[in-house]
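Asks: Fold the following.
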Amino acid sequence: MPDPAPRPEDASPPLSPEAPAFRSRDPLHGVTLETILRHLVDYHGWPGLADRIPVRCFMFDPTITSSLKFLRKTPWARLKLENLYRDLLAR
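Replies: Model prediction:
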């Protein structure tokens, strides 16, 4: 027996333009790792970033590309960078 067609009363009402959209409370929602890194480099500079998160990719010949490669492969370093960004946003 085929499934019955949905009844109009079972359908959810369409969203009105006045309905508030869902807003995430996470400050990192929708922000790319590259954006976070660029923002922190602009604010602290590479030496300041290396002081706060002592990793080679920030200390020796730092570039956005090499740092992104490292951060994508190293969860603990990425977490430290994200926490530093959250602290900066909280100020």
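
Asks: right, and Trp46 touches Asp61 too?
Replies: No: if you go by Cβ atoms under 8 Å, Trp46 and Asp61 don't touch, sitting 9.5 Å apart. For every residue, glycine as well, the C-beta is placed using N, CA and C.

Asks: Lys80 sits in which helix or strand?
Replies: Per DSSP states H and E, Lys80 falls inside helix 75-90.

Asks: so what's Pro27 up against?
Replies: Counting by Cβ atoms under 8 Å, 6 or more residues apart in numbering, Pro27 touches Tyr85, Arg86, Leu89.

Asks: what do you get for Trp46?
Replies: The contact partners of Trp46, by Cβ under 8 Å, 6+ apart, come to Phe58, Pro62.

Asks: okay, the helix or strand where it lies in CSV with CA atoms only?
Replies: Assigned by DSSP H and E, Trp46 falls within helix 33-52. Provided in CSV are the C-alpha atoms of helix 33-52 (Å, rounded to 0.1, in the frame of the first residue of the first chain):
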residue,chain,number,x,y,z
LEU,A,33,40.8,29.0,10.6
GLU,A,34,42.5,31.3,8.1
THR,A,35,40.4,34.2,9.2
ILE,A,36,41.2,33.5,12.9
LEU,A,37,45.0,33.2,12.1
ARG,A,38,45.1,36.4,10.0
HIS,A,39,43.2,38.3,12.7
LEU,A,40,45.6,37.1,15.4
VAL,A,41,48.7,37.9,13.3
ASP,A,42,47.4,41.4,12.6
TYR,A,43,46.7,42.0,16.3
HIS,A,44,49.8,40.3,17.9
GLY,A,45,52.2,39.9,15.0
TRP,A,46,54.2,36.7,14.4
PRO,A,47,56.5,37.3,17.4
GLY,A,48,53.6,37.9,19.8
LEU,A,49,51.8,34.9,18.5
ALA,A,50,54.9,32.8,18.9
ASP,A,51,55.2,34.0,22.5
ARG,A,52,51.7,32.9,23.3
